[in-house]
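S.K.: Pasted the sequence and its predicted model underneath.
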Amino acid sequence: MLFDINATVICASKYFDSNQMRTLYEKGVFHFGENRAQDLIKKLKDLNDLNITWHFIGHLQSNKVKDIINQIDYLHTLDRISLADSIQKHAIKPIKCFIQVNLTEEDQKSGVLLSNLSQFLLEIKKYDKIELIGFMTIGKDEDLLVTEQVFHQLDELATTYKLPYRSMGMTNDYELAIKHHATHFRIGRKFLELLE
Ligand SMILES: *Cc1c(COP(=O)(O)O)cnc(C)c1O
């Protein structure tokens, strides 16, 4: 497995307002990831003069799909068939999607469980508005041992299913994600350092 040196660092911008994002952009941050449809819509408007690549990284309610799906470049959180249905209905072109996999099997987390993944992959093949590019996962809070295990698992899954991209790694665990071939890091709090 080759390490992808073209890895992308996405600023998880839920902590930042539009002005702070503009400052980050001026410092060279061009990829932003939002968690909430409402915030995304506002920031799209505030920052529409900038050439930002927009990622959606939060849980996406089906009824919000029509408001945002044609404004984003990447969706990291495809996690259920009903969401795929909604995307199929509203997208005007194929959307680059990561399937979120709940590898820590925590109830409070979204994501397809490993035991359902192969069936899910079969079912989404028929959606021509979904361009599947990889898997996304979130580590376990305060548990770097488990986090490393799930990052390793995600890497193997991407290899097994021949998908090029792996979205994993946040402020506290990005070094583990590098080790396991992440291609898209979602970094939030660490960007505060750039704003000081
Ligand atoms: C907030 C968030 C991040 C970034 O978290 P930090 O710990 O601040 O780096 C990454 N991914 C998702 C889905 C998030 O909600």
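M.R.: The structure has been received and is ready for your questions.
S.K.: C-alpha from now on. contacts and neighbour counts both.
M.R.: Fine.
S.K.: In a helix, Leu103, correct?
M.R.: No - assessed by DSSP: H, G, I helix; E, B strand; the rest coil, Leu103 does not belong to a helix; its assignment is coil.
S.K.: In this structure it contacts Glu148, no?
M.R.: No - here Leu103 does not reach Glu148: they are 11.1 Å apart, not a contact under Cα atoms under 8 Å.
S.K.: higher neighbour count, those two?
M.R.: In this comparison of Leu103 against Glu148, neighbours counted by other Cα atoms under 10 Å, the higher total goes to Leu103 at 24 against 19.
S.K.: Would you mind measuring from that one to the ligand?
M.R.: If you measure Leu103 against the ligand using Cα to the nearest ligand atom, to the nearest Å, the figure is 14 Å.
S.K.: and what of Val65?
M.R.: Using Cα to the nearest ligand atom, we find Val65 at a distance of 17 Å from the ligand.
S.K.: looking at this, that residue is in a helix?
M.R.: Yes - residue state for Val65 (three-state DSSP) corresponds to a helix.
S.K.: Read off the pLDDT value for it.
M.R.: In the predicted model, Val65 carries a pLDDT score of 98.
S.K.: residues near it, how many?
M.R.: A count of nearby residues for Val65, using other Cα under 10 Å, gives 19.
S.K.: Can you give me the pLDDT of the residue of the chain positioned farthest from its centre?
M.R.: No residue in the chain sits farther from the centre than Glu196, which is 26.2 Å out by Cα atoms, centre = their mean. Listed pLDDT for Glu196 reads 87.
S.K.: Kindly report the same for Asp4.
M.R.: 49.
S.K.: Name the SS class of Leu194, please.
M.R.: State at Leu194, reduced to three classes by three-state DSSP: helix.
S.K.: pretty sure it contacts Thr23?
M.R.: No - between Leu194 and Thr23 there is no contact under Cα under 8 Å: 9.1 Å.
S.K.: Report whether stretch 81-99 contacts the ligand.
M.R.: No - using Cα under 6 Å from any ligand atom, no contact is recorded between stretch 81-99 and the ligand, whose separation bottoms out at 12.1 Å.
S.K.: Distance check, Thr137 against the ligand.
M.R.: 8 Å.
S.K.: Make residue 1 into 104 and carry on from there
M.R.: Sure, I'll start numbering at 104, so the last one becomes Thr240.
S.K.: ok now do that residue, which residues does it touch?
M.R.: Counting by Cα atoms under 8 Å, 6 or more residues apart in numbering, Thr240 makes contact with Gln203, Val204, Asn205, Leu206, Gly214, Val253, Phe254, Leu257, Ser270, Met271.
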